[in-house]
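[1] I'll drop the sequence and a predicted model, then ask my questions.
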Amino acid sequence: MATAGTFPGNSRTSAFADLIIGVACGIVLVVTALFLAVLAQKGGLPSSCDFASYWATGQQLVHHANPWDASVMGNLERTAGYTGQGSYYMRNPPWALPLVFPLGWVSARTAVLPWSLLMLALLLLSVHLLRPVLGLTGWRLRLLGCCFPPALQCVVVGQTSLFVLLGLVLFLRFHRTRPVWAGAALWLCTLKPHLFLPFGVVLLLWIVLARGYRILAGAAAAAALSCLAALSIDPAAFSQYWQWAHASGISTQPVPCFGVLLRNLIAPGAEWLVFVPAAIACVWAVAYFWPRRRHWSWLDHGSLLMLVSILAAPYCFLFDQSLALPALLFAASRPASRRMLSSLAALYLLVELVPWFHFGPRTFFLSWLWQAPAWLVWYVLARRSHPPLRESAAPLAALAPTAG
């Protein structure tokens with residue numbers, strides 16, 4: 001019988017599959033390494049680099065200034081090497097400010113490479129923490145985990161989505177053994193709450209039904225501490241963020257997700273249309289959870305839920321799809337053929353290279369739109385190749401407080 005990490009098939013087919021995995025992951029790593037080498041050599045920032053906004057935000061916080069001030073942020077970012085037009089802003093909610101506050105004490109040239117290396121460390125730590133949970137064995141699965149293109153894009157541009165990934169991984173790792181700490185880890189997920197709408201609806205239902213109030217307590221404590229930290233750094237942070245959010249026009253930007261596509265096709269001025277896919281996904285999520293509620297598994301059932309949440313998110317870029325990594329590794333770590341793993345590696349290569357070949361705004365939008373459904377399709381096909389993982393499910397009473 002095949003087990004995780006073992007693959008049936010003749011040696012020639014297996015060798016060819018291994019070649020595809022090695023070559024695809026190698027190309028992804030080389031592209032990432034080249035970008036990091038440029039950063040190390042020039043100390044500048046790519047025109048699309050999110051690090052510019054994080055560094056400028058830190059500078060404003062250190063000098064007790066508004067980190068959403070349009071008249072200042074753009075100039076700060078250009079002194080750091082940002083070549084884009086206009087001003088760029090940190091779009092995470094105010095309780096994320098403590099994460100970037102240390103950047104205000106150093107120059108952009110000094111901070112850019114360490115920040116990217118921190119993102120790389122978060123990715124490696126997330127894969128490491130998943131190993132005992134998923135039973136990751138063999139070089140193939142570990143390589144696929146470390147070479148996930150959306151996660152490596154976070155390393156290149158310094159995106160905070162890898163903090164969110166770590167929060168999700170910590171929750172999956174500890175929700176049954178250390179519920180308070182698992183709840184505290186969910187604070188990292190609130191750095192980008194729009195990516196968890198269906199996931200969050202089911203999570204709240206599950207906590208209530210499972211009486212997992214220790215998870216809720218951990219999450220509430222972490223949220224309170226982060227808000228207090230943000231207010232101690234910038235007492236006006238929440239009001240400044242609220243004013244910026246209303247005037248930023250962020251809701252009208254051509255973000256490559258299905259809610260924006262729906263709005264553009266039906267009524268470009270109707271901003272509420274971007275939330276329609278998420279609303280439908282929330283209804284589906286409740287219908288999916290309810291018959292499975294007594295033996296719900298966050299690894300098995302939650303993986304599909306997370307992929308649907310990413311697909312239906314009203315605001316989602318490629319780097320935000322880093323959250324698909326636990327689900328993909330879960331499917332890959334079950335007994336499966338090397339053909340499925342090699343197809344995942346080939347998908348990595350397509351995701352890495354296709355966006356480079358676009359002509360005009362429309363093809364640019366479409367070149368990014370297909371990736372979220374591609375992860376979901378691969379996951380469904382991979383899961384059909386082996387039976388559900390029933391032993392990972394825990395009864396609802398598992399998290400209930402016990403006497404003594």
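    Alright, I've got the coordinates.
[2] Now residue 260. Nearest residue, chain neighbours left out?
    In space, and not counting its chain neighbours, residue 260 is closest to residue 274: 5.6 Å by CB to CB, 6 or more residues apart in numbering. Quick note: C-beta positions are derived from backbone N, CA and C, even for glycine.
[3] so the one you found sits right up against residue 313, yeah?
    No - contact criterion CB atoms under 8 Å: residue 274 and residue 313 do not qualify, at 9.4 Å.
[4] list the residues that contact both of those two?
    When contacts are counted by CB atoms under 8 Å, 6 or more residues apart in numbering, residue 274 and residue 313 are jointly contacted by 257, 259.
[5] quick one: which of the two has more around it?
    Neighbours per residue (other CB atoms under 10 Å) separate residue 274 from residue 313, with residue 313 holding more: 28 against 23.
[6] What separation do you get for that one and residue 305?
    Plainly put, residue 313 is 13 Å away from residue 305 if you go by CB to CB, to the nearest Å.
[7] and if you look at residue 222?
    As it turns out, when the distance is counted by CB to CB, residue 222 lies 22 Å from residue 305.
[8] quick one, which of those two is more surrounded?
    More neighbours surround residue 305 than the other of residue 222 and residue 305, with 24 against 21 (other CB under 10 Å).
[9] Find me whatever residue is spatially closest to that one, sequence neighbours aside.
    Leaving out its chain neighbours, residue 305 is closest to residue 199 (CB to CB, 6+ apart), at 5.4 Å.
[10] Settle this for me: the one you found is touching residue 307, isn't it.
    No - shown here, residue 199 and residue 307 do not form a contact pair, counting by CB under 8 Å, at 9.8 Å.
[11] contact partners of stretch 140-152?
    5, 18, 21-22, 24-25, 28-29, 32, 123-124, 127, 130-131, 136, 161-162, 165, 318-322, 324-325, 328-329, 332-333, 338, 341, 344-345, 348, 351-352, 371.
[12] should've said stretch 156-166
    By CB under 8 Å, 6+ apart, the surrounding residues in contact with stretch 156-166 are 32, 35-36, 46, 48-51, 54, 92, 96, 99, 112, 115-116, 119, 122-123, 125-126, 129, 150-151, 153-155, 185, 188-189, 191-192, 195, 319-320, 322-323, 325-326.
[13] List the contacts of residue 33.
    The neighbourhood of residue 33, defined by CB under 8 Å, 6+ apart, contains no residues.
[14] per-residue confidence for it?
    Confidence per residue is given as pLDDT, and for residue 33 that number is 81.
[15] do the one 4 residues further on as well
    Confidence per residue is given as pLDDT, and for residue 37 that number is 74.
[16] One more: residue 401?
    Residue 401 is assigned 43 on the pLDDT scale.
[17] now swap in residue 45 and tell me
    Residue 45 carries a pLDDT score of 57 in this model.
[18] Beyond the worst-scoring helix or strand of the chain on mean pLDDT, next helix or strand please.
    Least confident element among the helices and strands of the chain, by mean pLDDT, DSSP states H and E: helix 360-369 (a mean of 69). Counting by DSSP states H and E, the element after helix 360-369 in chain order, helix or strand, is helix 371-384.
[19] what's that following helix in contact with?
    Counting by CB under 8 Å, 6+ apart, the neighbours of helix 371-384 from elsewhere in the structure are 150, 257, 303-304, 307-308, 310-311, 316, 318, 321, 324, 327-328, 331-332, 334, 336, 340, 343-344, 347, 350-351.
[20] Which members of those occur in helices, if any?
    Secondary structure assignment by DSSP state H places 150, 303-304, 307-308, 310-311, 327-328, 331-332, 340, 343-344, 347, 350-351 of these in helices.
[21] Just the buried ones from those residues?
    Buried subset of the ones in helices among the contacts of helix 371-384 (neighbour count, 16 or more other CB atoms under 10 Å): 150, 303-304, 307-308, 310-311, 327-328, 331-332, 340, 343-344, 347, 351.
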